[in-house]
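**Q** just a sequence and a predicted model for now, questions to come.
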Amino acid sequence: MTHRERIRAAVERRQPDRLPKDLGSSRVTGMVKLAYERLYACLGFGKPGAIVDRTQQAVAMDEDVLRYFEVDVRAISQNPPDCGGEVELGPNRYADEWGVVRRRPAGCHYYELECSPLCGEITAQDIARHASPDPSDPGRFRGLRELARRLREETDFAVMYNTRFHPVHLTQYLRGFRRLIRPAHERFMQMVQ
């Protein structure tokens with residue numbers, strides 16, 4: 001089977017010739033920078049991946065590494081916007097394009113949530129006033145169609161679109177985990193009692 005046929009068989013609940021493989025095409029299959037650096041040093045080839053998710057320190061996988069492990073999927077995802085984006089707030093501290101402030105404590109590999117811009121009691125006006133990123137910024141989509149077309153026409157890999165914005169996570173970051181999770185947990189507990 002080709003890589004694409006293998007993924008399609010699995011998605012259609014047919015038996016593929018082997019277990020399909022993915023590495024780095026989504027938030028849950030990625031690899032953090034430190035682990036990836038150790039991997040490519042151990043393999044003796046590849047190159048350091050660019051950070052694609054600063055909070056998790058997830059990196060883009062090198063094509064040589066993907067081929068070595070016979071990975072069936074290649075990802076495409078949005079680029080950074082031309083206007084706006086992250087704002088540096090000092091060493092190991094930044095605000096993302098939604099205004100969520102994160103910091104990386106000493107000795108930690110990841111950035112932790114420091115400040116949620118819509119935490120606390122808010123009104124519809126607060127939400128309307130919140131500076132949200134421009135979803136149609138041309139930088140986000142520059143080259144994606146061409147990359148997807150090239151992968152589709154010139155390779156046999158399955159192509160996956162990896163959205164960098166997950167509505168549930170984004171809401172948690174904007175409102176704060178306690179504000180979002182605790183009320184839902186309390187309602188659930190009332191229902192089961």
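**A** Nice, thanks for sending it over.
**Q** for Y161, which three-state class applies?
**A** Assigned by DSSP: H, G, I helix; E, B strand; the rest coil, the conformation of Y161 is strand.
**Q** give me the number of residues near it?
**A** A count of neighbours around Y161, defined by other Cβ atoms under 10 Å, yields 12. For glycine as for every other residue, the C-beta is placed from the backbone atoms N, C-alpha and C.
**Q** what about it, distance to L39?
**A** Taking Cβ to Cβ, to the nearest Å as the measure, Y161 and L39 are separated by 25 Å.
**Q** same question for T155.
**A** Counting by Cβ to Cβ, the separation of T155 from L39 is 23 Å.
**Q** R8 too?
**A** Using Cβ to Cβ, R8 is found at 28 Å from L39.
**Q** what domains does the record give for this protein?
**A** The record, using automatic domain parsing to delimit domains, assigns the chain the ranges 1-79+141-162, 85-133+166-193.
**Q** mean confidence score for the shortest one?
**A** Spelled out, it's domain 85-133+166-193. Averaging the model's pLDDT scores along domain 85-133+166-193 yields 86.
**Q** how about the longest one?
**A** Averaged across domain 1-79+141-162, pLDDT comes to 93.
**Q** skip the chain neighbours and tell me the closest residue to P133.
**A** Counting by Cβ to Cβ, 6 or more residues apart in numbering, the nearest residue to P133 once its immediate chain neighbours are dropped is E97, at 4.3 Å.
**Q** burial check on that neighbour, number of neighbours?
**A** There are 18 residues near E97, going by other Cβ under 10 Å.
**Q** same deal with the one 5 residues further on?
**A** A count of nearby residues for R102, using other Cβ under 10 Å, gives 20.
**Q** what does P81 give?
**A** Residue neighbour count, defined by other Cβ under 10 Å, stands at 18 for P81.
**Q** what do you get for the one 10 residues further on?
**A** Taking other Cβ under 10 Å as the criterion, the count of residues near P91 is 8.
**Q** swap in I122?
**A** Using other Cβ under 10 Å as the criterion, I122 is surrounded by 15 other residues.
**Q** mind checking how far it is from E114?
**A** Taking Cβ to Cβ as the criterion, I122 is separated from E114 by 18 Å.
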